[in-house]
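Colleague: how does the following fold in three dimensions:
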Amino acid sequence: MRASTPLRRTAWWFCAFAIYVATALIGLALDPVGGFATLVWPPTGIALAALVRGGPGLWSAVAAGAFVANLWSGAPLLAAAGIAVGNTLEALLGARLLRADELARPVRRVRHALLLLAAAVAAPLVSASIGVLSLWSTGVLPFLELGSAWQAWWLGDLLGALVVAPVLLEWGGHSPRRVGARALETALLIVAVLASAALSFSGDPAAPLQRPHLIFPALIWAAIRFDAAVTSVAVLVISIIAIAITAHGTGPYVTATTLHENLTALQGFMGTVAVTGIFLAAASAERSEALRRLKNDERALRSALGVRDEFLSIASHELRTPLAALSLQVSGLERALTRRSTSTEESQRELHRAGRAVAQVDRLTRLVDTLFDVSQITAGQLHLQRDPFDLVEATVAVVSGLSEQAARAGCVVSVHAPEAVTGNWDRFRIEQVITNLLTNAFKYGAGKPVAVSVSVEAGGARLRVRDEGPGIAPESTERIFERFERVATGHHQKSLGVGLYIARQVIDAHAGAVRVESTSAEGSTFVVELPRDIADARPPASA
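Modeller: Numbering: from 1, shown residues only. Next up, the predicted model:
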């Protein structure tokens, strides 16, 4: 949110200036090296957030704040000016890196967290280098302290960027309703953060509860159950409590004689805490976003599938009437040509073309009927008309009806049925299943024999259709019974991929089972098992 009107720009300027100076004075009071290289420097995070949120035009507020704070703390005029230049360049560089990926928005991806870490590491290099050189050149900092001062300066600015900037960046675009919607859990998290920080950093250094890692469960809770905004506040609160307790002279990091040494150890740990919180929150947000998109895609896919199924139902239903009329007309034309047929070559060609037209119309009719069946099954409207009949007789009838198709495929079909097998089934649907299994065998076992057997086993009827085709891989034996699925073989067969799906749905409706027994390169055997008394038959589940 950039400052747009003059009044707003002025308000942004004075707000950034005042907060910068106030937090700078707090940091400069915590035992800095040479009086100015402090390990606690919140202004770095404040400056980064101000320039990202308010625009780079606020650089002058950062420069003025840095100059006033250091001059107020006793820095010579030239040293204060040099430090102000370094801090301003640090803020401009960090803000430029963050704006490169529009990180003014909440941190929602791991790459955002990486960019924030890069800015926090790189930008303080400028400020630390210019700052310590300014202090050394004006005689404030001895040469022997340059290394320790530079280290403290860089670490303090790094922590300021990692701990303070995320809070201001996240809450600048955060809706409080998201936290308020889980008020009880939010309250419990606040108690957990405060309690774990207090127990981890307070009291006697030898106390058993002084284990800084106790803060991580609360931090993980904030990152996974909430978001980066709440996590950044948790990190800031933990940091404030830890610094305050350490500055008071107690806690697990009070192991040296000076506050500077104690804060060095503490800030190293707080850097780990800040990075952990940022990356956990970013990864959790990225996962949540991926799940949201996946659910949206699933809803869109289900909607598209519903439209497809509705279209198939309407189209197949509307096409059946004109196809029936066309079939009658073409069949009548073939019969007329047959009656008028002569031995002339032209007459034979016309009769052959009429026969091909009849075959194509029949094929188109079967395709439309298949699509209609799929739409009925999908809608849960597959109704069975049960009557007693002999499965052997029905099987022989289907094999006889497909004799021409078997001959074209080069398949010899044998039927083994030692006795009649009667049952109370829907003959039309069972014949449809047998037809689908046989045509499937003709496709994939072309040029090889097909064996069909019907028997009574375990009180029920069993139908087996075996081909000697390329076989089916074990991982595909269930998938091939799904809608629009085909066997993946070297044979490029054209089909809708619904024949086996319809077969399974019909057999399921009869309270039976259908499966395939196959190994690659050894052919396939489709086994259908039907109860002879199907009083407990159930309708197929709608897909």
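
Colleague: who does residue 461 bridge with?
Modeller: On the basis of DSSP bridges, residue 461 is bridged to residue 456, residue 530.

Colleague: tell me who's in contact with it.
Modeller: The contact partners of residue 461, by Cβ atoms under 8 Å, 6 or more residues apart in numbering, come to 391, 421, 423, 454-455, 529-532. All C-beta spots, glycine's among them, are computed from the backbone N, C-alpha and C.

Colleague: can I get stretch 522-536 in PDB? Just the C-alpha atoms.
Modeller: Output of stretch 522-536 as PDB, limited to C-alpha atoms (Å, rounded to 0.1, in the frame of the first residue of the first chain):
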ATOM      1  CA  GLU A 522       0.200 -65.300 -22.100                       C
ATOM      2  CA  GLY A 523      -3.300 -64.200 -23.100                       C
ATOM      3  CA  SER A 524      -6.200 -63.200 -20.900                       C
ATOM      4  CA  THR A 525      -9.200 -65.000 -19.300                       C
ATOM      5  CA  PHE A 526     -12.200 -63.000 -18.300                       C
ATOM      6  CA  VAL A 527     -14.300 -64.800 -15.600                       C
ATOM      7  CA  VAL A 528     -17.900 -63.900 -14.900                       C
ATOM      8  CA  GLU A 529     -19.600 -65.400 -11.800                       C
ATOM      9  CA  LEU A 530     -23.300 -65.100 -11.400                       C
ATOM     10  CA  PRO A 531     -25.600 -66.300  -8.600                       C
ATOM     11  CA  ARG A 532     -28.400 -68.400 -10.000                       C
ATOM     12  CA  ASP A 533     -30.900 -67.000  -7.500                       C
ATOM     13  CA  ILE A 534     -30.400 -63.200  -7.400                       C
ATOM     14  CA  ALA A 535     -33.000 -62.100  -5.000                       C
ATOM     15  CA  ASP A 536     -30.300 -60.000  -3.300                       C
END
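
Colleague: quick one: distance of whichever strand or helix holds residue 311 to the chain centre.
Modeller: Assigned by DSSP states H and E, residue 311 belongs to helix 259-340. Computed by Cα atoms, centre = their mean, to the nearest Å, the chain-centroid distance of helix 259-340 equals 11 Å.

Colleague: packing partners of it?
Modeller: Applying 3 or more Cβ pairs under 8 Å, 6 or more residues apart in numbering; DSSP states H and E, we find helix 259-340 packed against helix 110-137, helix 146-163, helix 216-225, helix 228-247, helix 345-378.

Colleague: in CSV, list these along with mean neighbour count.
Modeller: Formatted as CSV, those follow (neighbours: other Cβ atoms under 10 Å):
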stretch, mean neighbour count
helix 110-137, 21
helix 146-163, 24
helix 216-225, 19
helix 228-247, 23
helix 345-378, 16
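
Colleague: adding distance to residue 183, write those helices out as CSV.
Modeller: Listed next are those as CSV, based on distance: least, Cβ to Cβ, whole Å:
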stretch, distance to residue 183
helix 110-137, 28
helix 146-163, 26
helix 216-225, 13
helix 228-247, 13
helix 345-378, 45
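
Colleague: so how far is stretch 248-255 off the chain centroid?
Modeller: 45 Å.

Colleague: just the mean pLDDT for it, thanks.
Modeller: Averaging the model's pLDDT scores along stretch 248-255 yields 86.

Colleague: how far away is the most centrally placed residue in the chain from residue 296?
Modeller: By Cα atoms, centre = their mean, the chain has its centre lying nearest to residue 290, at 3.8 Å. Between residue 290 and residue 296 the computed distance is 11 Å (Cβ to Cβ, to the nearest Å).

Colleague: ok, the closest residue to residue 130 other than its chain neighbours - contacts?
Modeller: Among residues not flanking residue 130 along the chain, residue 86 sits closest, at 3.0 Å (Cβ to Cβ, 6 or more residues apart in numbering). Listed by Cβ under 8 Å, 6+ apart, the contact set of residue 86 reads 126-131, 134.

Colleague: check residue 358 too.
Modeller: 327, 330-331, 334.

Colleague: nearest to residue 9 among the residues you listed?
Modeller: Each of these was scored against residue 9 by Cβ to Cβ, and residue 327 proved nearest at 80.4 Å.
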